[in-house]
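**Student:** Next input, structure requested:
(one chain, ligands or ions: 1)
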Amino acid sequence: MGWELGVAEAKSEYLTETDLWRHTQQFLMNATHTTTYKHMLMKALLECTIELSDSGVLTFNQISRHVTKMYWSLIVTNGLRQVNQIGKLSSIEKTMLTFQATHEIPSTWNFDRLPVQQQQQLIRNVNQFYKKYVYGSFYASFEGTVYSFNRKEEWVKLVPGYIVFFEKYKRVLMNVTNYQLAVFLEKYNTREAMERILNKIEFVSARQSLNEFKQILLSHGHPICFYCMRPLKQIHVDHFIPWSYIQNDVLWNFVLACPTCNTSKNNRMAKVDYLYALVERNDDLRVAERMETYKETKLIHLYNYAVQNGFEANWAPKT
Ligand SMILES: [Zn+2]
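**Tutor:** Reported below is the predicted structural model:
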């Protein structure tokens, strides 16, 4: 139901937090009986909240990039089946596996390792499918409350209440989505493929290498540790707001750090002084095409939301 809609407006009703929880829980309980499509869209939306425009818009292409990357990891890298019939492949599985075979890509490769043109081609293929079948049906699962969308112009516009809700409860929502996904996959996959399944799902979007970000930061600043200010011999790249909250890789959230600071900070957040230092650093970072999604207020909000999601902001380097 709902998948055939071309354009739909989100219902303009006032939603309390109880309403938001109710719609989301109903969605999570009912999303997957046949395939993993809707859960993957939910994960992509949670990952994409930091890419939203001021008016809450995401393009299908932005979302499809996340969906494609995750499916590549599940299907190609981890060999996980995505459909509720033994011996049958879902459309996304066919798309991924055919593409991999045609281009002779090793199954050990992360999506990031594919040449950019191949990435874009695969994203377009996934986008066609999601455009046709998934956005409308996802919309219907939330009883039309979560977003407006336009299939022709290829965008969704999230309802403001959901934007705040997704940020505020991102970690819990991501964990529950991952869990539901695992429950589905468990029914149709071998024990071998299911080994360490929650770990596989949780890190489905993690990059193999952050080298690209290291190079950009090195060419735009001094080789010193962002936290302890000591000159860098060995260089680590640190997610200022931890990856396990933000689940996305954007230049404005990366800093160069020494191994001691990076290891000691781990999954925690630095004290608020470092947030202000990052705001200043980002003001000086002149890499326009990498800063499109950046706003000072956004970074500050995310920092506060991460605290609400359980990440303590009390870390400082040892002096
Ligand atoms: Zn340091």
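**Student:** just for this protein, where's the confidence low?
**Tutor:** Scanning the chain for pLDDT under 70 picks out 1-3, 32.
**Student:** excluding its backbone neighbours, what's nearest the residue in it sticking out farthest from the centre?
**Tutor:** Here the chain reaches farthest from its C-alpha mean at residue 319, the gap being 34.8 Å by CA atoms, centre = their mean. Ranked by CB to CB, 6 or more residues apart in numbering and with sequence neighbours excluded, the top spatial neighbour of residue 319 is residue 228, at 7.9 Å. From N, CA and C alone the C-beta is placed, and that goes for glycine too.
**Student:** before we move on, the earlier item: and the residue farthest from the centre of the chain, how far is that from residue 82?
**Tutor:** From residue 319 across to residue 82, the span is 51 Å (CB to CB, to the nearest Å).
**Student:** Kindly report the same for residue 136.
**Tutor:** For residue 136 relative to residue 82 (CB to CB), the value is 20 Å.
**Student:** higher neighbour count, the two?
**Tutor:** residue 82 (24 against 20; other CB atoms under 10 Å).
**Student:** which residues does that one contact?
**Tutor:** Going by CB atoms under 8 Å, 6 or more residues apart in numbering, residue 82 touches 35, 36, 71, 74, 75, 90, 92, 93, 185, 188.
**Student:** filter these to the buried ones?
**Tutor:** Neighbour counting with 16 or more other CB atoms under 10 Å marks 35, 36, 71, 74, 75, 90, 92, 93, 185, 188 as buried within those.
**Student:** Name the nearest residue to the closest residue to the ion within the stretch 1-150 of the chain, sequence neighbours excluded.
**Tutor:** Residue of the stretch 1-150 of the chain nearest the ion, by CB to the ion: residue 50 (25.3 Å). Once flanking residues are discounted, residue 50 sits nearest to residue 248: 5.4 Å by CB to CB, 6+ apart.
**Student:** How about residue 243?
**Tutor:** Nearest residue to residue 243, sequence neighbours excluded (CB to CB, 6+ apart): residue 206, at 7.0 Å.
**Student:** Tell me the spacing between the one you found and residue 47.
**Tutor:** To residue 47, residue 206 is 11 Å away according to CB to CB.
**Student:** Comparing those two, which residue is more hemmed in?
**Tutor:** More neighbours surround residue 47 than the other of residue 206 and residue 47, with 24 against 15 (other CB under 10 Å).
**Student:** Residue 250 and residue 50 touch, don't they?
**Tutor:** Yes: with contact defined as CB atoms under 8 Å, residue 250 counts as touching residue 50 (6.4 Å).
**Student:** Pull up the overlap in contacts between the two.
**Tutor:** residue 293.
**Student:** was I right about residue 40 contacting residue 70?
**Tutor:** Yes: the pair residue 40 / residue 70 is scored as a contact, 5.8 Å apart, by CB under 8 Å.
**Student:** Look up phi and psi at residue 268.
**Tutor:** Main-chain torsions, residue 268, degrees, to the nearest 10: phi -100, psi 180.
**Student:** what's the burial count for it?
**Tutor:** Neighbours of residue 268 using other CB under 10 Å come to 12.
**Student:** for residue 263, same thing?
**Tutor:** So residue 263, with other CB under 10 Å, has 11 neighbours.
**Student:** can you count the residues close to the closest residue to it other than its chain neighbours?
**Tutor:** Once flanking residues are discounted, residue 263 sits nearest to residue 236: 8.0 Å by CB to CB, 6+ apart. Residue 236 has 18 neighbours, counted by other CB under 10 Å.
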